[in-house]
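Trainee: Sequence plus predicted model, see below.
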Amino acid sequence: MYKNTPVSELSSLETIEKHIREQWLEVVGPEVGFFLSNRQQEQNQDGLAQ
């Protein structure tokens, strides 16, 4: 996240929080959702196989 934020935007807690939220929504959140979705599918398949 630090690499993707311009240095000028790291001057206050408000702008840092804004960029963290943007990165979460655009990058981190979807990856977590994808991971949890795959995990749920694996659990469902394991339950059906038993």
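Mentor: Looks like it arrived, so ask away.
Trainee: Centroid-nearest residue for the chain?
Mentor: residue 28 (1.5 Å; CA atoms, centre = their mean).
Trainee: Could you measure from that residue over to residue 22?
Mentor: 10 Å (CB to CB, to the nearest Å). Bear in mind the C-beta positions are built from the backbone N, C-alpha and C, glycine included.
Trainee: swap in residue 6?
Mentor: Counting by CB to CB - residue 6 and residue 22 are separated by 12 Å.
Trainee: Can you show me the CA trace of the lengthiest helix in the chain as CSV?
Mentor: Ranked by residue count, the top helix of the chain under DSSP state H comes out as helix 29-49. Extracted in CSV, the C-alpha atoms of helix 29-49 (Å, rounded to 0.1, in the frame of the first residue of the first chain):
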residue,chain,number,x,y,z
GLY,A,29,-11.1,-7.0,0.1
PRO,A,30,-11.7,-8.8,-3.2
GLU,A,31,-8.7,-11.1,-2.5
VAL,A,32,-10.1,-12.0,0.9
GLY,A,33,-13.5,-12.6,-0.6
PHE,A,34,-12.0,-14.9,-3.3
PHE,A,35,-10.1,-16.8,-0.6
LEU,A,36,-13.1,-17.3,1.6
SER,A,37,-15.3,-18.3,-1.3
ASN,A,38,-12.8,-21.0,-2.3
ARG,A,39,-12.6,-22.2,1.2
GLN,A,40,-16.4,-22.4,1.5
GLN,A,41,-16.5,-24.4,-1.8
GLU,A,42,-13.9,-26.8,-0.5
GLN,A,43,-15.8,-27.4,2.7
ASN,A,44,-19.0,-28.0,0.7
GLN,A,45,-17.3,-30.5,-1.5
ASP,A,46,-15.8,-32.3,1.5
GLY,A,47,-19.3,-32.5,3.0
LEU,A,48,-20.8,-33.9,-0.1
ALA,A,49,-18.0,-36.5,-0.5
